[in-house]
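K.L.:
Here is my input, please return the structure:
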Amino acid sequence: MIKDIQNLKENFIEQLLELLKIPSISADPDYKGEVKKTAYWIENALKMIGCKTVKIYETEGHPIVYGEVSVSENAPTVLVYGHYDVQPPDPLKLWENPPFEPIIKTTELHPNGAIFARGACDDKGQMFMHLKAIELLKKNNQLECNVKFVIEGEEEIGSKHLEKYITDHKRMLQSDIILISDTGLNSIENPAITIGLRGLSYVEVTVKGPNRDLHSGLYGGTVANPINVLCNMIASLHDENKKVKIPGFYDDIEKISDEEREKMNKNGIDEVNFKKSIEIEDVMGEIGYNTLERRSIRPTLDVNGIWGGYTGKGAKTVIPSAAHAKISMRLVPNQDWKKISKLFKKYFKSIAPKGVKVKVTTHHGGGAYITPTDSIAYKAAEKAYSDVFGTKPHAKRDGGSIPIVPMFEKVLGTKTLLMGFGFDSDAIHSPNEHYGIDNFIKGIETIALFYPHFNALKRNE
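P.N.:
Take a look at the predicted model:
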C-alpha cells in the first residue's frame, strides 16, 4: 500500500466533489465559460501537486491544460492523457439528484459508497486519480519518473483540436509510454487491463421530402413520409442475422482464431447479471457470437438518436418535411473509419426511394487499437494491479472507442496503456452516472505503484 493514501482519502474525495460541481459540457456553447473555468481548476490542481511547468493552451475550441514534473534527464517519461469535459446530462428528469450536485450513496456494487454526478467516472474521477497518484509519490519522495499531463476539454465532441496541438508540440510530448484511465474493470474481485478498443465512425443522416410540413389528411398516402422512409432505411441496414448489410463493411476486419476466442471467453460476461443490471429480458446481436464477442471483436451499427415532425405536447397531424438520425458504427482492427464512412454514405443513399433526398454528414471517427501485452509498461501495470487487488489482472478488449489513442501513436510514435477502474454499470453518458469510492482509491494506489515498477523494469531493460 502507498503510504498516506488512507490519511488523505477524504481530502481527495472532497477535491473530486469540488471538480464535479463545474458543468463542463463541451457540446453546448452555453457552457463555454464553465468549460474554461474547469481548465483553470485543473491548472491549479497541477500546480498543487508539484508540477513546475503548467500552461493552458488555447485552441479554436476549448483549452488544453499541460503540466510537467521533471525528475531526471535519465528517468523514463510517462505522458498522462485525460479529459475534463463531460457529456450533456439530459434527460434531467431521470436523475435522482442534480447532475452537478455530487452526492455519495451506497449501492449493491458499491457498498462503501459511490459518487453520483455527471463526469464522476467519465472522465473527471479517473483523470483525477493520476494527479493524486503523483501527489502521493512526491509526498513520499518515491517519484522516479518524469511525468507530463495533457488534459483536454473536447473529448466528448471528438477532440477536434487535439491532433493539431499534439503535432505542434511533438517534441515537448515525447515519452516512453502514454497512460489513460477511461476504461474499466470487470469487478473489484476480477480486475482487468483493457488491451483493445474499437474504432468509431459517427454520422448524421437527413431524409428530405416535401418543401414544408404537410397536413396529414390532405396529403397522407400521396407523398413519401420522411419519417416512415427513414425508419425503413434504418431497418434495412441489418439482415436477419443482425449483420450489417453495407457492402464491404466486413472486408478488412481482423480475423480472430477459435483459440483466441476461447481464451478471451475465460473471463466472459455473466449474462444473468448483465441483463439484470440494465433490466432486459434477453440479449440481442449478431448470430454466431456471444455478448462479450459482440461488444469487443465484432463491428456494430447503432442508431443513437432519431427525430422529425411534431414531438410536442398534444397532437399535430403533419407529414414532416424532413427526418433525421444520428448513427454510430463501432469498428474493429483493420477497419478504416473514413472508408467505412464512405461505404455507409454510398449504401444509405442507394436504398433511398424516389420522392426523397438524402444527406449524410460524417461527424468524427477514429481507428481501433490493440495494446501489446509483452511490453515493459504492461508488465509494470500487471504488477501494480496484482499488488493492490491481490490477483493478477486479465487482459480484455473493450467495446468503447477512444479515437485519440491511435492518433497519439501515429503522431508521437508512442504506445498507450489503458488503466481504467470504472464498472460497466457506472452509467457513463446516462442519468445517474457514478463512480465507486473503492474504485477511485484503488485506482490512485494502482497508478502510483505503476511508476516504481515501470522505472525498475526500464532500468533492467
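
K.L.:
CA atoms for contacts and neighbours, from now on please.
P.N.:
OK.

K.L.:
neighbours around residue 434, how many?
P.N.:
Other residues lying near residue 434 total 30 when counted by other C-alpha atoms under 10 Å.

K.L.:
Please tell me I have it right and it contacts residue 114.
P.N.:
Yes - applying C-alpha atoms under 8 Å as the test, residue 434 and residue 114 come out as touching, 6.0 Å apart.

K.L.:
How about residue 205: what's its closest non-neighbour residue?
P.N.:
Counting by C-alpha to C-alpha, 6 or more residues apart in numbering, residue 205 lies nearest to residue 360, which is 4.6 Å off, once chain neighbours are set aside.

K.L.:
is it true that the one you found lies in a strand?
P.N.:
Yes - assigned with DSSP: H, G, I helix; E, B strand; the rest coil, residue 360 falls within a strand.

K.L.:
Confirm for me that residue 140 is in contact with residue 133.
P.N.:
No - in this structure, residue 140 is not within contact of residue 133 by C-alpha under 8 Å, at 10.9 Å.

K.L.:
what about those two, which has more around it?
P.N.:
residue 133 (25 against 12).

K.L.:
contacting residues for the more buried one?
P.N.:
444, 445, 447, 448 (C-alpha atoms under 8 Å, 6 or more residues apart in numbering).

K.L.:
For those, give me JSON lines that also has pLDDT, distance to residue 367 and neighbour count.
P.N.:
JSON lines is the format used below for the contacts of residue 133 (pLDDT from 0 to 100; distance: C-alpha to C-alpha, whole Å; neighbours: other C-alpha atoms under 10 Å):
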{"residue": "444", "pLDDT": "98", "distance to residue 367": "29", "neighbour count": "27"}
{"residue": "445", "pLDDT": "97", "distance to residue 367": "31", "neighbour count": "25"}
{"residue": "447", "pLDDT": "98", "distance to residue 367": "26", "neighbour count": "24"}
{"residue": "448", "pLDDT": "97", "distance to residue 367": "29", "neighbour count": "25"}
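
K.L.:
Tabulate these in CSV, adding columns for distance to residue 394 and secondary structure.
P.N.:
Output for those, formatted as CSV (distance: C-alpha to C-alpha, whole Å; DSSP: H, G, I helix; E, B strand; the rest coil):
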residue, distance to residue 394, secondary structure
444, 19, helix
445, 18, helix
447, 17, helix
448, 20, helix
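
K.L.:
neighbours of residue 304, just the number please.
P.N.:
12.

K.L.:
Counting by contacts, list what the helix or strand containing it packs against.
P.N.:
Taking DSSP states H and E as the criterion, residue 304 maps to strand 300-308. For strand 300-308, the packing partners by 3 or more C-alpha pairs under 8 Å, 6 or more residues apart in numbering; DSSP states H and E come out as strand 322-331.

K.L.:
Model confidence for the nearest residue to residue 224 once chain neighbours are set aside, exactly?
P.N.:
Among residues not flanking residue 224 along the chain, residue 355 sits closest, at 6.0 Å (C-alpha to C-alpha, 6+ apart). If you check residue 355, the pLDDT there is 94.

K.L.:
quick one, what contacts residue 355?
P.N.:
209, 223, 224.

K.L.:
show me the contacts for the first one.
P.N.:
Right, residue 209. Neighbours of residue 209 in contact, by C-alpha under 8 Å, 6+ apart: 224, 225, 226, 320, 321, 322, 355, 356, 357.

K.L.:
Then the second one?
P.N.:
The neighbourhood of residue 223, defined by C-alpha under 8 Å, 6+ apart, consists of 210, 355.

K.L.:
Could you verify that it is part of a helix?
P.N.:
No - counting by three-state DSSP, residue 223 is not found in a helix; it is coil.

K.L.:
That one and residue 191, how far apart?
P.N.:
Distance from residue 223 to residue 191, counting by C-alpha to C-alpha, to the nearest Å: 56 Å.

K.L.:
Pairing partners for the strand holding residue 304, with directions?
P.N.:
strand 322-331 (antiparallel) (DSSP bridges).

K.L.:
Let me know the next secondary structure element after the strand it pairs with.
P.N.:
Following strand 322-331 in sequence order, the next helix or strand is helix 337-350 (DSSP H and E).

K.L.:
what angle do that next one and strand 322-331 make?
P.N.:
Angle between the axes of helix 337-350 and strand 322-331 is 140 degrees (criterion: axes from the mean of the first three to the mean of the last three C-alpha atoms, to 10 degrees).
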